[in-house]
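Colleague: what follows is a predicted structure for the sequence shown.
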Amino acid sequence: DTEVTQTPKHLVMGMTNKKSLKCEQHMGHRAMYWYKQKAKKPPELMFVYSYEKLSINESVPSRFSPECPNSSLLNLHLHALQPEDSALYLCASSLSGNEQFFGPGTRLTVL
Amino acid sequence: EDQVTQSPEALRLQEGESSSLNCSYTVSGLRGLFWYRQDPGKGPEFLFTLYSAGEEKEKERLKATLTKKESFLHITAPKPEDSATYLCAVQAKGGTSYGKLTFGQGTILTVHP
């Protein structure tokens, strides 16, 4: 298995909802990442997990809460989001911290 | 602060018309420079990693080169299926080994049949 999977593909939520994004990889990679990408912009790093521990938080608002239950799985819990949080959320993984391999993304719309 | 600038912002080519995309970078010690291809609404697809000046990598119609200040992505005889946004990113030495990529704004390539 040489891919990163993300679910759901699309998510629509209200500002009072709680939802979660899921990311999975079975390549034995030890680092996993969450990125946010707005239209016509490059991906922006949100969080990095290294060996299941949070190593980088790019000053992301607390309404985004990451979780890494094991080395293959990464979640992003969402609560009380704002319409400006609507974006493509990308997960990536890396074996050695060099090349990062991205999943297909979750298209999030906040109403 | 690490910076990556890509040019041009957009490039329109006729099928078979070869060209190059540029990625200029400023980084406090380069650990690696990465090229990605991204189709609309999808995640970036990894293309190449370059580590040191003078290094070159090739894949089908694409060839990436690296100097101390910039990288080029050469596209030879492009086809319409090469149309995509091409992203360049750098990673600096030091800090965590699983650290951040600094991306450029991307070049939108359109290849007309």
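Modeller: Yep, it's here.
Colleague: residues touching B:Pro40, list them.
Modeller: Contacts for B:Pro40 were tallied using CB atoms under 8 Å, 6 or more residues apart in numbering or on different chains; they are B:Thr85. From N, CA and C alone the C-beta is placed, and that goes for glycine too.
Colleague: phi and psi next, for it.
Modeller: phi -50, psi 130 (degrees, to the nearest 10).
Colleague: which parts of chain A are strands?
Modeller: Using DSSP state E, the strands of chain A run over A:4-7, A:10-13, A:18-25, A:31-37, A:44-50, A:53-57, A:64-70, A:73-79, A:87-94, A:101-102, A:106-110.
Colleague: how near is the residue nearest in space to the middle of chain A to chain B?
Modeller: Centroid check for chain A by CA atoms, centre = their mean gives A:Trp34 as the closest residue, at 3.3 Å. Separation of A:Trp34 from chain B (CB to the nearest CB, to the nearest Å): 12 Å.
Colleague: so what's that residue bridging to?
Modeller: A:Phe47, A:Cys91 (DSSP bridges).
Colleague: quick one, what contacts it?
Modeller: Neighbouring residues of A:Trp34 by CB under 8 Å, 6+ apart: A:Cys23, A:Leu45, A:Met46, A:Phe47, A:Pro66, A:Leu74, A:Leu76, A:Tyr89, A:Leu90, A:Cys91.
Colleague: ok so B:Glu81 is a strand residue?
Modeller: No - under DSSP: H, G, I helix; E, B strand; the rest coil, B:Glu81 falls outside any strand and is assigned helix.
Colleague: measure how buried it is and give me the count.
Modeller: 10 (other CB atoms under 10 Å in any protein chain shown).
Colleague: also A:Ser59?
Modeller: By other CB under 10 Å, the residues close to A:Ser59 number 5.
Colleague: and stretch A:51-63, end to end?
Modeller: 24 Å (CA to CA, to the nearest Å).
Colleague: so does it get close to chain B?
Modeller: Yes - counting by CB under 8 Å from any CB of the partner chain, contacts between stretch A:51-63 and chain B involve A:Ser55, A:Ile56, A:Glu58.
Colleague: and the closest residue to the second one other than its chain neighbours, what is it in contact with?
Modeller: Excluding the flanking residues, the one nearest A:Ile56 by CB to CB, 6 or more residues apart in numbering or on different chains is A:Val48, at 3.8 Å. If you count contacts by CB under 8 Å, 6+ apart, A:Val48 has them with A:Ala31, A:Met32, A:Tyr33, A:Leu54, A:Ser55, A:Ile56, B:Thr96, B:Tyr98, B:Gly99, B:Lys100.
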